[in-house]
Each structure stands twice: as C-alpha cells, then as structure tokens.
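Visitor: Got a predicted model here, sequence first, then my questions.
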Amino acid sequence: MPIQRLMLHHIVFLNVGAKLGDKQDRTCDSFTGLDSRTTIPGFAERFYAAGEERIEMELPQGYGYKNATADNWVMTYMLMNHRAETDRAYIQYTVTYDDAPDLTPVDPYWLDVRDCWADPVYDVPGGGRPGSLDVQTKSWKPPVSGRIVAGGGHVHGGGEELRLSQPGCGDRTLQRSKPKWGLASHPFYRVRPVLHEPGPIGMTRWTTQQGFRVAAGEEVKLSSIYDAELPHTRVMGITIVYFAPDATAGAQPCAPLPTDVRTSRTKAPGRLATPVVTVPLTGLDERGRAVQISRPPGRTERAGRRASVRVRDLDFSKPNLSVARGARISWDFRGPSLHDVTLASGPRGFSSHHYDRGRYTKALDTPGTYRLFCSLHPVSMTQRIVVRR
Ligand SMILES: [Cu+2]
C-alpha cells in the first residue's frame, strides 16, 4: 500500500492474556486517554511497537517472548489517509513462533520519557544554538535482577538518538539507538500533504545473548535527545527493552558490559544527519485536493497582549491573528470532538493536549509568524498568528 494512499503512522501490539485482567503493562498501571482526562487501566502488556520506521522485534538466539495458546493480542494503530476518499487496507505482520522448551523468556518493558499517556508526546521549543540538544529522561528500575538482551527505539523528526545508561556506574552508556532518515526523494518528504515532520526510515536495534546485567531496583536511564535549534512538536522518545530475569545478574555491581552486542538498522539508502524540514500548512482547493497554503482564508484580526480563540468543530474562531509581543493566547475548546493546537512552523514550538473541552493558554514571547494546526484535523483546522516586534 503506497503512502500516497494510506500511511500506517504507528502500531502498538499488546498482550491481554487469556482474559481481561490476566496481564498488566509492566511500566504503567494506567494511562491518560487521548482526551487528556479519562484514565484507562493498563490491562495489557505492550510488547512491540513500530512507527514509520517499521522496526522489527528481534531477540537474540535462545530467547523468546512467552505466549500461551489462549493469549489474545490487541493492536492499536493510527492510519493517515492522504486522499479525500474512503479507503480500505489490511495490516500484515509476520510472527516467528518457536515451541522449543529451553527458550529463555523475556519480559518487555516500555521505557518512554512521557510514559503512561495514550499519546506520549512532548515539544522541543527550539531557539537553541546550532548544534544544541534537548534531553528528556526517564528512569526505570527493574523489580528483579536480570539482563537486558534486546532493544530498539522510536523518535520523530528532529531526533538525534536514544541513549540507555546506568547512572550508578558513572552513567556509562549501555546502548544507543540512532535514527536513519530517508533521502529527500523518499515519499515521506514528497507525498502531499506533509502533515508532520517525517520520522526516520530506520532505528538501530540491538541484541546480546550475554545481556546488560542490572540488579533489582538499580536505576537505568533513558535519554531522548533531539536537536534544540529548531522547534519539533509532538515528538516521542521510546525504547522497549527485553529483559530476562536472572537472580545472579545483580551479584557484581557495574559488571563488565557484554562483548557480543549486535546492532542492525535498515540497509535502505538514507541520511544519517537529521534533516531540516519545515511543515507547511495545508488547505483544500475547489476540487477538494490538498494544497499548500501560507495562511488560512479570512481577514486578520488585530489584538494586543491578550487574545482568546474558540476551537470549534472544525475551525479556529480567529484563523488569522496579529498580536503584540508577549501576548497570552487562550484557546477554548468547545467540542464535541477532540482537537488540539500544534505548531507546524514558527519561531518556537508548542502544542496542547487533545481536548473536547477546556482551555489551553500560551504566551508568545518571540516575534514572528506562527503557523498552527490541529494535529487531528490538520487540513481543515489551520491558524496563523503573527507576533509583532
Ligand atoms: Cu481538530
């Protein structure tokens, strides 16, 4: 299925067990739902996920993810339809099933710098020096001693790397997962509309039979590292680690690192340096086709140090706005559907959660032109705010 039609933006596989209540996610007791309000119980174990990069789940020889015959898997995924017509597709996946009795089982742990949100995103505001980095971290302490035998990662556009480290051992690096980006000719950069900064085509994944040995309760740190010069909105920093419980693994503090780490990443042609991409605003022409626009239609309303915008189904009440420097803008969400406000391009990056009611307020201190959209309805809901000098 070419992404000119549909794009499988991401997919997460969860194991519910034989019946609801059998399993629990290993890092989240519950999740904050897409509406930023509802709490969802963590009734299933997240064990694999892929973004646009389609990372494979790979375990070293001799290890497996244990499944009972009666286990039920659930998929949660997002499709992006790039055409204004109903389409239909199948999701195909391949599983290697091994019934060898002597496999060592692994437990999947989802490490995420914004964990336990249904949409675990954050914003890199940008405005840093060239080469500067934005670093967000997540600490994880395994409940039992064991060995981390495999892992991979997920970043969005602007990502530099995900790093796993061991703070109790001088914060030594255990492993890095780095993105590889498509060539400028790759469909991610060519298929219109471009609705978000394209993600990588591949991430480093790694396996080790020996494993990184960690004691029960010992801290392991995930660092999500992004370019801090430009704004990057709604980004993620996620690593799933596969952990083999092993009572002997904690015996020697800061044990030598494994010598058998194997890494791999897609062989497809690509770029290693994080490309600079400006996300345009998109509108519809008379024939309903997506076209790039520099601003939404309508006159520009002028305001001073304060402005309030109603977020309706499917528009912003003030699509073109000019405000004084430092103005506080509040977006009032009136529903009934979920919406958000997200920077596409501009001097500083920000975004709101998804809301069907409530208010999001942001002070715009940096002059310039902010092009915004609702990330859920990016073609129909656009806004341009000029912050005067
Ligand atoms: Cu919306």
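Guide: Done, it's in. Numbers count the residues shown, from 1 in each chain.
Visitor: tell me the centre residue of this protein?
Guide: In the chain, the residue lying closest to the centroid (CA atoms, centre = their mean) is residue 236, at 3.2 Å.
Visitor: Against residue 226, how distant is that residue?
Guide: Between residue 236 and residue 226 the distance is 10 Å, computed by CB to CB, to the nearest Å. The way it works is simple: take the backbone N, C-alpha and C, and place the C-beta from them, glycine included.
Visitor: Report the set of residues contacting both of those two.
Guide: Taking CB atoms under 8 Å, 6 or more residues apart in numbering as the contact criterion, the common neighbours of residue 236 and residue 226 are residue 155.
Visitor: Which strand residues bridge residue 49?
Guide: With DSSP bridges as the criterion, the beta-bridge partners of residue 49 are residue 12.
Visitor: Strands of the stretch 1-150 of the chain, residue ranges please.
Guide: Assigned by DSSP state E, counting those that start in this stretch, the stretch 1-150 of the chain shows strands spanning 6-17, 30-32, 39-41, 45-50, 63-64, 72-81, 104-105, 107-112, 122-124, 133-140, 146-151.
Visitor: Which one of those lies nearest to the ion?
Guide: Closest approach to the ion among the strands of the stretch 1-150 of the chain (CB to the ion): strand 72-81, 14.2 Å.
Visitor: got the buried residues for the closest one?
Guide: Using 16 or more other CB atoms under 10 Å as the test for burial, strand 72-81 gives residue 80.
Visitor: which one of the strands of the stretch 1-150 of the chain is the most hemmed in?
Guide: Per residue and on average, the most neighbours among those fall to strand 146-151, with a mean of 25 (mean count of other CB atoms under 10 Å).
Visitor: For whatever helix or strand comes next after that strand, give the mean pLDDT please.
Guide: Past strand 146-151, further along toward the C-terminus, the next helix or strand under DSSP states H and E is strand 154-155. The pLDDT scores in strand 154-155 average 96.
Visitor: ok, residues contacting strand 154-155?
Guide: Residues outside strand 154-155 that contact it (CB under 8 Å, 6+ apart): 10, 49-51, 53, 55, 161-162, 179, 199-200, 203, 224, 226, 235-239.
Visitor: now do the same end-to-end measure for stretch 176-196.
Guide: Length of stretch 176-196, first residue to last, CA to CA, to the nearest Å: 25 Å.
Visitor: what's the distance between stretch 252-268 and the middle of its chain?
Guide: For stretch 252-268, the distance between its averaged C-alpha position and the chain's averaged C-alpha position is 24 Å (CA atoms, centre = their mean, to the nearest Å).
Visitor: Stretch 79-94 now?
Guide: The answer for stretch 79-94 is 20 Å, by CA atoms, centre = their mean.
Visitor: Averaged pLDDT, it. What do you get?
Guide: In this model, stretch 79-94 has a mean pLDDT of 89.
Visitor: and that stretch, C-alpha only, in CSV?
Guide: Taking only C-alpha atoms (Å, rounded to 0.1, in the frame of the first residue of the first chain), the coordinates of stretch 79-94 have been written out as CSV:
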residue,chain,number,x,y,z
LEU,A,79,-3.6,5.4,9.8
MET,A,80,-3.3,8.6,7.8
ASN,A,81,-5.4,8.8,4.7
HIS,A,82,-3.7,11.1,2.2
ARG,A,83,-6.7,11.3,-0.1
ALA,A,84,-10.1,12.8,0.5
GLU,A,85,-11.9,9.5,-0.1
THR,A,86,-12.7,6.4,1.9
ASP,A,87,-10.1,3.6,1.5
ARG,A,88,-9.6,0.1,2.8
ALA,A,89,-6.4,-1.8,3.7
TYR,A,90,-5.1,-4.8,5.6
ILE,A,91,-2.4,-4.8,8.2
GLN,A,92,0.0,-7.6,7.5
TYR,A,93,2.6,-8.8,10.1
THR,A,94,4.8,-11.8,10.3
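Visitor: Could you list the domains of this protein?
Guide: Partitioning the chain according to automatic domain parsing yields domains covering residues 6-271, 281-387.
Visitor: Name whatever forms a beta bridge with the residue in the stretch 201-350 of the chain that the ion sits nearest to.
Guide: Of the stretch 201-350 of the chain, the residue with the smallest distance to the ion, taken as CB to the ion, is residue 339 at 3.3 Å. With beta bridges defined as DSSP bridges, residue 339 has these partners: residue 355.
Visitor: count of neighbours near it?
Guide: Around residue 339 sit 25 other residues, with neighbours defined as other CB atoms under 10 Å.
Visitor: Make 34 the first number, not 1, from now on.
Guide: Fine by me, first position is 34 from now on; the one you just mentioned is residue 372.
Visitor: the strands in the stretch 284-422 of the chain, which residues?
Guide: Counting by DSSP E, counting those that start in this stretch, the stretch 284-422 of the chain has strands at residues 295-297, 303-304, 314-317, 323-326, 334-335, 339-345, 348-349, 353-356, 360-366, 375-378, 391-397, 401-406, 415-420.
Visitor: would JSON lines of those strands with mean pLDDT, mean neighbour count and distance to the ion be doable?
Guide: Listed next are those as JSON lines, based on pLDDT from 0 to 100; neighbours: other CB atoms under 10 Å; distance: least, CB to the ion, whole Å:
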{"stretch": "strand 295-297", "mean pLDDT": "95", "mean neighbour count": "13", "distance to the ion": "39"}
{"stretch": "strand 303-304", "mean pLDDT": "95", "mean neighbour count": "16", "distance to the ion": "32"}
{"stretch": "strand 314-317", "mean pLDDT": "91", "mean neighbour count": "18", "distance to the ion": "14"}
{"stretch": "strand 323-326", "mean pLDDT": "90", "mean neighbour count": "15", "distance to the ion": "16"}
{"stretch": "strand 334-335", "mean pLDDT": "96", "mean neighbour count": "14", "distance to the ion": "20"}
{"stretch": "strand 339-345", "mean pLDDT": "96", "mean neighbour count": "18", "distance to the ion": "7"}
{"stretch": "strand 348-349", "mean pLDDT": "94", "mean neighbour count": "21", "distance to the ion": "9"}
{"stretch": "strand 353-356", "mean pLDDT": "98", "mean neighbour count": "20", "distance to the ion": "18"}
{"stretch": "strand 360-366", "mean pLDDT": "97", "mean neighbour count": "19", "distance to the ion": "9"}
{"stretch": "strand 375-378", "mean pLDDT": "97", "mean neighbour count": "23", "distance to the ion": "10"}
{"stretch": "strand 391-397", "mean pLDDT": "97", "mean neighbour count": "16", "distance to the ion": "13"}
{"stretch": "strand 401-406", "mean pLDDT": "98", "mean neighbour count": "22", "distance to the ion": "8"}
{"stretch": "strand 415-420", "mean pLDDT": "98", "mean neighbour count": "23", "distance to the ion": "10"}
